[in-house]
Structures are given as structure tokens and as C-alpha cells.
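# after the sequence you'll find the predicted model.
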Amino acid sequence: MTYRGNRGFTLLELLISLTILSLVTVLIFGAFRMGIRAWEKGERNIDGRQRERIVLDLIKRQLSSIPVDVVKGDKALVLKGDGKSLEFVSDIHLVPGNTFGLAHVSYRVEKDEENGEILSFSEKNVVMMSKDADMDDSDDLFVELLRGSGMVFEYLKNVTDEDTLQWQETWDPESDSGFPVAVRMTLMRDDNVPIYVIARIAADVG
């Protein structure tokens with residue numbers, strides 16, 4: 001009679017056990033890494049959405065605080081814009097420390113290196129502008145605010161002859177008197193879900 005009660009593992013059984021343990025460990029750590037990446041992506045998305053809301057709300061506040069009849073030298077500083085740029089004077093400053101007087105604000109939208117678009121802005125105090133200042137801000141320093149797949153400005157005009165309101169792509173002081181009734185900002189996210197923000201112009205006199 002042969003006694004086999006204390007027989008140990010063979011080398012083959014040990015190798016098979018280690019292989020199974022390694023596979024289980026790899027699967028567990030792979031799932032753990034996927035969970036971490038999903039969590040980090042969710043955090044980035046939340047931060048991005050919060051930044052979008054804050055920036056768009058600040059732009060809306062600036063537009064809603066446009067004063068009437070701002071003159072520098074012999075020129076009136078009025079709202080001017082198209083689909084990719086916007087310039088106006090506001091009571092509200094975005095630059096920290098620049099809290100006195102009126103702010104001459106310029107926004108512009110430009111292409112980035114990945115075929116998306118960048119919304120940036122420049123701000124200077126009206127008091128510091130020269131007397132013959134116009135709306136040319138080509139030498140100003142622009143600061144990036146948002147990135148997305150697209151950003152468009154539109155302007156609501158009161159057509160007095162027809163007693164109707166209509167959106168248009170540009171606002172030119174030489175052909176459009178006064179101010180638009182409102183400015184609409186459309187931000188296209190990377191997921192192609194647009195955000196619409198409409199700022200009513202309190203200084204509407206057009």
C-alpha cells in the first residue's frame with residue numbers, strides 16, 4: 001500500500017497557479033486604471049463646464065452694463081462686432097485690480113492648432129486711452145478664456161420700420177444706430193452640444 005497524503009505541488013501545477021494569479025491581478029489593476037481615468041475625465045469635464053458658465057456669465061454681465069454716450073475725444077465709443085469679434089465699453093471690469101472708471105473690452109475668436117477655436121479677451125481702462133482712440137486694439141494683449149469647437153456672436157436688432165426683432169451677424173455703428181437689443185453668444189463644446197447665452201443690452205437706444 002502506497003501512502004500519498006503528504007504529496008506536494010508539482011512544478012506544472014505551481015506554474016499554472018501563478019499564471020492564473022497573474023491574469024487575475026492584471027485584470028483587477030486594468031479595471032482599477034480604467035476607473036481612475038473615468039473619474040479624472042469626469043472631474044475635468046465638471047471643471048470645464050464650471051469655467052464655461054463663469055466666463056459666459058461674466059461676459060453677459062459686462063454686456064448688460066454698457067453705459068450710454070461714452071465719448072473719448074471727438075469719438076463715441078460704441079458697440080461694434082461680428083461673428084468672431086466684439087468690442088464695447090462697460091462698467092464692469094474682469095481684470096483684477098482694474099476697478100475704477102469704464103473698461104474698453106475686446107473679445108475675439110481665433111482658430112487653434114487642433115481646428116477648434118479659442119475665445120480670448122483684452123481690457124483697458126478708458127481713462128488710459130488716448131483722446132483720438134478708436135476701436136482698433138491690434139496691439140492689445142489678449143488672454144485666453146475658453147476653448148471649444150466654435151464660438152459665434154449675434155446681434156438682435158429692432159427693425160423699427162417693420163416693428164420686429166431680428167438677429168444679424170454683424171453690428172456696425174456706421175449702419176446700425178445705437179445698440180443692439182441683445183447679444184447672443186453660442187459656444188459649441190467639443191461634444192457638439194451648444195451653449196446659448198443671451199445678454200440684453202440695458203443701454204439699448206437704437
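In hand now; what should we look at?

# let's verify Arg61: helix, strand, or coil?
helix (DSSP: H, G, I helix; E, B strand; the rest coil).

# from what I can see it touches Leu94, true?
No - using Cβ atoms under 8 Å, Arg61 makes no contact with Leu94, being 9.2 Å away. No exception for glycine: its C-beta is placed from N, CA and C like everyone else's.

# please say which of the two ends up with more neighbours.
Leu94 (17 against 14; other Cβ atoms under 10 Å).

# any idea how far Leu102 is from that one?
13 Å (Cβ to Cβ, to the nearest Å).

# give me the phi and psi angles of Gly148.
Dihedral pair for Gly148: phi -170, psi -170, per degrees, to the nearest 10.

# now it, which residues is it bridged with?
Residues in a beta bridge with Gly148, per DSSP bridges, are Glu117.

# let me see the contact set for it.
With contacts defined as Cβ atoms under 8 Å, 6 or more residues apart in numbering, Gly148 is in contact with Gly116, Glu117, Leu119, Leu187, Met188, Arg189, Asp190.

# scan those and report the most crowded one.
Result: Leu119 is most packed of the contacts of Gly148 (other Cβ under 10 Å), 24 neighbours.

# wait, doesn't that residue sit right on Phe142?
No - look at Leu119 against Phe142 with Cβ under 8 Å: they stay out of range, at 9.8 Å.

# where do the contact lists of the two overlap?
Going by Cβ under 8 Å, 6+ apart, residues that sit against Leu119 and also against Phe142 are Arg108.
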